[in-house]
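> Here you go, sequence then predicted model.
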Amino acid sequence: MPEAIIPSGYVLCFDFGLKRIGVAVGQATTRTASSLETVSHGDEPDWSAIGRIVREWKPSHFLVGLPLDYNGEETDMSRLARKFGGQLTGRFSRPCDYCDERFSSQAAEQRFVEMRASGGAKRKHAKQLDAVAAQLILQNWLQSLP
């Protein structure tokens, strides 16, 4: 099995969805991730918003959450996420990896509930949920690097 390539610089992570795409940024050096924002996905992803984020952060690498089923098998959504990752690579000429995102949305929702209970988040912040899911996906991936 080939050795994992550890990206240098920033990594942008995308939690792909048919309505919204959560975006997070992180670094392999520090093994930390932060949620950024959620971009819309109507008939197609909001490429102008994604382009703005790519220009701002200048990532060396992309990561896309892969929605697998409970048995770890690919689904229609995971195939769409892979297609999105291919489009990212084609548009922005950066490598793209994929990471199992099972349970990231539930974990993000739980984190949001806890933040609301402590007064740290309000209902109007719920649209950030997808960005928090992207942060969790990226954080797990960064922690798994050798």
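Noted; the coordinates are in hand.
> Can you tell me which helix or strand of the protein has the lowest average pLDDT?
helix 104-117 (a mean of 56; mean pLDDT, DSSP states H and E).
> could you point out which element follows that one?
helix 129-144 (DSSP states H and E).
> And for the spatially closest residue to R31 that is not a sequence neighbour, the neighbour number?
Leaving out its chain neighbours, the residue that sits closest to R31 by CB to CB, 6 or more residues apart in numbering is L142, at 4.6 Å. C-beta coordinates here come from the backbone N, C-alpha and C atoms, glycine included. Around L142 there are 22 other residues, counting by other CB atoms under 10 Å.
> L142 contacts T32, correct?
Yes - with contact defined as CB atoms under 8 Å, L142 and T32 form a contacting pair (7.2 Å).
> Kindly point out which residues are neighbours of both of those two.
Common neighbours of L142 and T32, using CB atoms under 8 Å, 6 or more residues apart in numbering, are G26.
> and the closest residue to Y10 other than its chain neighbours, what does it touch?
Leaving out its chain neighbours, the residue that sits closest to Y10 by CB to CB, 6+ apart is P59, at 4.4 Å. By CB under 8 Å, 6+ apart, P59 lies in contact with G9, Y10, V11, L12, V25, R94.
> which two in the residues you listed are spaced the farthest apart?
V25 and R94 (13.3 Å; CB to CB).
> Could you check which of these two is surrounded by more residues?
Set side by side, V25 and R94 show more neighbours around V25, with 20 against 16, by other CB under 10 Å.
> Could you confirm the more buried one falls within a helix?
No - counting by DSSP: H, G, I helix; E, B strand; the rest coil, V25 falls outside a helix, being strand.
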